[in-house]
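1. Could you look at this predicted model? Sequence included:
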Amino acid sequence: MPIRPFLPRQAFNPDVISEMSEALKGACGELGLHLIDDAATRLVAEKIIHLAQRGIRGAVTLHTMAVEEVARA
C-alpha cells in the first residue's frame, strides 16, 4: 500500500514518497499489520511521515525508526 492516502496536503518529492511507501510496507510487515487503512497502520504511517518531515531519508532507516517509535508508544 502506498503511503499517499496518509499524505493529505503533504508535499514530498516522488523519490521520498517511494521510500516512505517501502518503509510503511516493511514496518507493517515487521509489526504483523495488514496494509489497510486502519488505526494501527495509520499510526505507523504518521510516524514515517513525521520522520520524513524531519529530513530522515531511506526506506530502511524510516522503517527501523518507525518500528522503534511504535514500540515505545
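-> Happy to help now that I have it. In this text, all values refer to a predicted model and were calculated from it rather than measured experimentally. Numbering: from 1, shown residues only.
2. Next, the buried residues of stretch 4-17.
-> Using 16 or more other C-beta atoms under 10 Å as the test for burial, stretch 4-17 gives F6, L7, F12, V16, I17. C-betas here are computed from N, CA, C, even on glycine.
3. Which single one of these is nearest to T41?
-> Nearest to T41 out of the buried residues of stretch 4-17 is F6 (C-beta to C-beta; 8.3 Å).
4. so where's the protein shaky on pLDDT?
-> By pLDDT under 70, the weakly predicted segments of the chain are 1.
5. Show me what the helix ranked longest in the chain is packed up against.
-> Counting by DSSP state H, the longest helix found in the chain is helix 14-31. With contacts defined as 3 or more C-beta pairs under 8 Å, 6 or more residues apart in numbering; DSSP states H and E, helix 14-31 has these neighbours: helix 39-53, helix 59-72.
6. which one of these lies closest to E22?
-> Proximity to E22, assessed across those by C-beta to C-beta, is greatest for helix 59-72 (3.7 Å).
7. Just the C-alphas of that closest one, formatted as CSV.
-> C-alpha atoms of helix 59-72 as CSV (Å, rounded to 0.1, in the frame of the first residue of the first chain):
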residue,chain,number,x,y,z
ALA,A,59,13.3,3.2,3.3
VAL,A,60,15.3,1.0,5.7
THR,A,61,16.1,3.9,8.1
LEU,A,62,12.4,5.1,8.1
HIS,A,63,11.2,1.6,8.6
THR,A,64,13.5,0.9,11.5
MET,A,65,12.9,4.2,13.2
ALA,A,66,9.1,3.9,12.8
VAL,A,67,9.1,0.4,14.4
GLU,A,68,11.2,1.7,17.3
GLU,A,69,8.9,4.6,17.9
VAL,A,70,5.7,2.5,17.7
ALA,A,71,7.3,0.0,20.2
ARG,A,72,7.9,2.9,22.6
